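model the following, please.
(one chain, ligands or ions: 1)
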Amino acid sequence: MLSQAIYPYVKLLNKIPGPNGFPVFGCSFIGLLTPRDKMLALYENFFDTFGHVVRAWAGPIGVVFIGGAEGAQAVLSPTINIEKSFQYEFFKPWLGSGLLISHGQKWHSRHRLLRPAFHSTILEKFFDTIVKNSELLIRELESETNAQEFDITPYLKECSLHNICETAMGVKMHEEVNLKKNYLKSVQTYSETFYERMMNPFLYPTILFSLSSTYRRQKEAVKILHNMSMNVIKKRIAERRLQRENARVNKNSKSEGFSKKKEFLDVLLDISERDDNEFTTDDVREEVDTFLLGGHNTVSMTLYWTIYLVGLHPDIQEKVHTEVDDILRSAEAPKDTKMLQELHYLECVIKESLRLYPPIPLIGRTLGEDVVINDFKIPAGNWVAVHIHQIHRLREHYHNPNEFDPSHFFPENSRDRYPFAYLPFSGGPRNCLGQKFAMMELKIVLATFFKHYEVKSLTKQEDMKVLLDAVIRPENGIWIVSIFGQLTQFSSRCPNFLPDVSIFVQLSQYSSSCLIFRPVVSIFVQLSQFF
Ligand code: HEM
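The predicted model follows:
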C-alpha cells in the first residue's frame, strides 16, 4: 500500500534531474561528507551539471532546489506558497512559532500587527539612535587603528545588536557586556547545531535528535538566547512603568512610549497587557527572539562583507570616500534621510555586496499547489529551496557575475533586470519585514565608517573560507588594517570565488575513488534500482 502511494511520487520527482540517491539515505551522505566551506561550491556545481531545477533526496524525502529567477518567482509569488519548509522547525526551540516560522492564520494576523512597526515614519525616529551608535563604533575602532591587523566582526555585531535593541525594542544594552557576549556566542552555536541537524536526516526525528550531543549544545545555547530576550522584555516593561508614572505626575507631558505610531516591542506589550489572553509572555518572547535575530545577524553580516569587499578594491573605495565626503561635508555622520538618499554609489556598493554574499543564501517553502518550472512538475506538499546565492551569480542577469562590481546596480544596468533575479530580502508575500530598516541602518553605519576610515582587507577572496549554516559567514572573521582619517592607495587583490569541488560532484554520481567506500556505494547503487 505504502509503496503504491510512494512510487508515483518518487517517479515524478525523479523526472527532475539531480544526483542519484540511495534508499533511505538519499543523497544525505554528500552533505555529510562535504566540508562546510565547500557547500556553496557544491550547490553551484549541481546547478552547472543539472540546470536551474535540481532534485535531491534528503533521506527518503525529495527536495527541489531552484537556481533560476523564473523558478524563484513561480515559488515565491503565490500567496498559497507561504508555508515554510520542514527544516524551519529546527528553529522552533529558539524562535517558537514567531513570524519567521509561522504560517496560515497565525502568520497573517502577526504580519498585519507587526508590519506598521517598520513603516517609514517610525523608521525616521530611529535615525539619530543609529547615528549615535555608528559614532560609538568609530570611537571603539580607534583603539585598533594602531594595531597591525584585527578582526572587525565583533565590533559590527555589537553595533547592529545595539541598534535593534535601542530602536525596535526601546532598550539600551550598552552596559550588559556579558549578556551580549554570551548572546552573540550562542547565536553562532545555535546556527552551527541548526546546520548539523539539517545536513543529517538521522537527526530530523525529535526523539533521535534529543539523544545527540548536538541537541545538548543547542539546549545550552537556547537558555542563553532566551535569557537575552527576557532581559530585553523586562527592561522595556520597567521603562514603560516609569513612563506611565511620569505621565501621571505630569499630566500635561506626552509620554514617548505611548504615541500613536508604536515601536515594535510596545505593540506586543500593549496587546499582552490586555485581559483577553490573546498574547502570552511566550508569544511576546518568540517575536522578540525573531526580531533580535533578524535585526542584528543579517545586518552585521552585510556590514562586514561590504567592508571586506571594499577593502579589496581600492578603486571602489576611492569612489565611496569621494561620495561620502561630498555629501557629508564637515559632518561626522549622515544628518538626515535626505542626505542618505543622496548616497547613490554607496547604495550600489551595499546592493552589490548583498548580491555576492546574500546573508540568507537559501530559503525553503512547502508548496501549497503544484508548480511547473522548466516543464518539470513539482507536486503540492513538496519542499522547495530557492537558492538565492546561485540566482545572484547568473550571467544572464549580471554582466560580471563573480566580480564585485557596483555598476550592476547603476540605473542603466538594473532598470530592465528580471525582478526575481535579485532576492537578498526574498520576494513575494513573505519577503523581509525589516528591509527598509536594514537599508537605512547599513547606509548610516557605512557612511559614518567610510567618512573616518580607509581599510585594507587582508584575506584574498580565493583564500576566504565561507561557511554555510543559517547564514553565510566567513569562517575566521574579517581581518583588516584600517587607517583613521587619512587616505592612501592599496593594491588590488585577485578575486576568484569558488574553490575546486569536482570531488564532491563525483561523489554525488557514485564515482567515489575511496576504496573502502566503493563497495558500500555499489551495494546501495544496486539496491536503488529496486526503489
Ligand atoms: C541585510 C539585512 C537583512 C537581510 C539580507 C534579510 C533577509 C531576509 C530574508 C531572505 C528573509 C526571508 C526568509 C525566509 O523566507 O526564510 C527575511 C525575513 C524576515 N526578516 Fe529579514 N533580512 C534583513 C534584515 C532584517 C531586519 C533588520 C529585520 C527586523 C528588524 C528583519 C526581520 C525579518 C522578519 C521578521 C522576517 C520574516 C518575515 C516573514 O516570514 O513574514 N530582517 N529576511
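
got the contact list for stretch 89-100?
Contacts of stretch 89-100 with the rest of the structure, by Cβ atoms under 8 Å, 6 or more residues apart in numbering, involve 84, 88, 101, 106-107, 110-111, 114, 190, 194, 197-198, 218-219, 221-222, 225-226, 282-283, 285-287, 289-291, 293-294, 433, 470. The C-beta positions use only the backbone N, C-alpha and C, and glycine is treated the same way.

with stretch 213-221 instead?
Counting by Cβ under 8 Å, 6+ apart, residues outside stretch 213-221 touching it are 93-94, 186-187, 189-190, 192-194, 196-197, 203, 209.

what about Val455, which SS state?
What DSSP: H, G, I helix; E, B strand; the rest coil gives for Val455 is strand.

ok, it - contacts?
Ile307, Val310, Gly311, Gln317, Ile480, Val481, Ser482, Ile483.

show me the contacts for whichever residue of the chain sits closest to the ligand.
Here the residue of the chain nearest the ligand is Gly434; by Cβ to the nearest ligand atom that distance is 2.1 Å. Gly434 makes contact with Phe118, Phe291, Gly294, Gly295 under the criterion Cβ under 8 Å, 6+ apart.

10 Å instead?
117-118, 123, 164, 168, 264, 291, 294-295, 298-299, 425, 440-441 (Cβ atoms under 10 Å, 6 or more residues apart in numbering).

tell me the secondary structure for Asn400?
coil.

any idea of the mean pLDDT in stretch 467-487?
Stretch 467-487 shows an average pLDDT of 79 in the prediction.

typo on my end, stretch 183-199
94.

likewise for stretch 366-385?
94.

next: stretch 408-424.
Per-residue scores along stretch 408-424 average to 96.

from the contact counts, what lies against the helix or strand where Ile483 lies?
Ile483 belongs to strand 479-484 when assigned by DSSP states H and E. The contact analysis (3 or more Cβ pairs under 10 Å, 6 or more residues apart in numbering; DSSP states H and E) places strand 479-484 against helix 120-142, strand 150-151, helix 281-312, helix 435-452, strand 453-457.

for the first one, output the C-alpha coordinates as PDB.
Coordinates of the C-alpha atoms in helix 120-142 are reproduced here as PDB (Å, rounded to 0.1, in the frame of the first residue of the first chain):
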ATOM      1  CA  SER A 120       9.000  54.700   7.200                       C
ATOM      2  CA  THR A 121       7.500  57.300   9.600                       C
ATOM      3  CA  ILE A 122       8.600  55.000  12.500                       C
ATOM      4  CA  LEU A 123      12.000  54.400  10.900                       C
ATOM      5  CA  GLU A 124      12.800  58.100  10.800                       C
ATOM      6  CA  LYS A 125      12.500  58.200  14.600                       C
ATOM      7  CA  PHE A 126      15.400  55.600  14.700                       C
ATOM      8  CA  PHE A 127      17.800  57.700  12.600                       C
ATOM      9  CA  ASP A 128      19.500  59.600  15.400                       C
ATOM     10  CA  THR A 129      19.900  56.400  17.500                       C
ATOM     11  CA  ILE A 130      21.700  54.600  14.700                       C
ATOM     12  CA  VAL A 131      23.900  57.600  14.100                       C
ATOM     13  CA  LYS A 132      24.900  57.700  17.700                       C
ATOM     14  CA  ASN A 133      25.700  54.000  17.700                       C
ATOM     15  CA  SER A 134      27.700  54.400  14.500                       C
ATOM     16  CA  GLU A 135      29.800  57.200  16.100                       C
ATOM     17  CA  LEU A 136      30.300  54.900  19.100                       C
ATOM     18  CA  LEU A 137      31.600  52.300  16.700                       C
ATOM     19  CA  ILE A 138      34.100  54.800  15.200                       C
ATOM     20  CA  ARG A 139      35.400  55.700  18.700                       C
ATOM     21  CA  GLU A 140      35.800  52.000  19.700                       C
ATOM     22  CA  LEU A 141      37.700  51.200  16.500                       C
ATOM     23  CA  GLU A 142      40.200  54.000  17.200                       C
END
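
so is that helix next to the ligand?
No - under the criterion of Cβ under 6 Å from any ligand atom, the ligand is not reached by helix 120-142; the shortest gap measures 10.0 Å.

next one: that helix to chain centre, how far?
Relative to its chain's centre, helix 120-142 lies at 22 Å (Cα atoms, centre = their mean, to the nearest Å).

quick check: angle from it to strand 453-457?
Angle of helix 120-142 versus strand 453-457, following axes from the mean of the first three to the mean of the last three Cα atoms, to 10 degrees, is 70 degrees.

for the contacts of Val455, which one is nearest Arg415?
Val310 (24.7 Å; Cβ to Cβ).

for that closest one, which non-adjacent residue is spatially closest?
Gln317 (5.0 Å; Cβ to Cβ, 6 or more residues apart in numbering).

which of the helices or strands spans the one you found?
Using DSSP H and E, Gln317 falls in helix 314-328.

okay, angle between that helix and helix 435-452 too, please.
Going by the same axes, to 10 degrees, helix 314-328 makes 100 degrees with helix 435-452.

packing partners for helix 314-328?
helix 281-312, helix 337-341, helix 344-356, helix 435-452, strand 453-457.

tally of neighbours for Gly71?
Neighbourhood size, Gly71 [other Cβ atoms under 10 Å]: 25.

whoops, Val177 was the one
10.

what of Tyr7?
11.

any idea which element it lies in?
Going by DSSP H and E, Tyr7 is in helix 2-14.

return the residues in contact with the most centrally placed residue in the chain.
Centroid check for the chain by Cα atoms, centre = their mean gives Ile360 as the closest residue, at 3.2 Å. Residues in contact with Ile360 (Cβ under 10 Å, 6+ apart) are 294, 297-298, 301, 388-389, 423-426, 432, 470-472.

for Leu346, same thing?
306, 310, 319-320, 323-324, 327, 340, 406, 442-443, 446-447, 450 are the contacts of Leu346 under Cβ under 10 Å, 6+ apart.

likewise for Phe404?
Phe404 neighbours (Cβ under 10 Å, 6+ apart): 305-306, 308-310, 312-313, 316, 349, 352-353, 355-357, 461, 495, 497.
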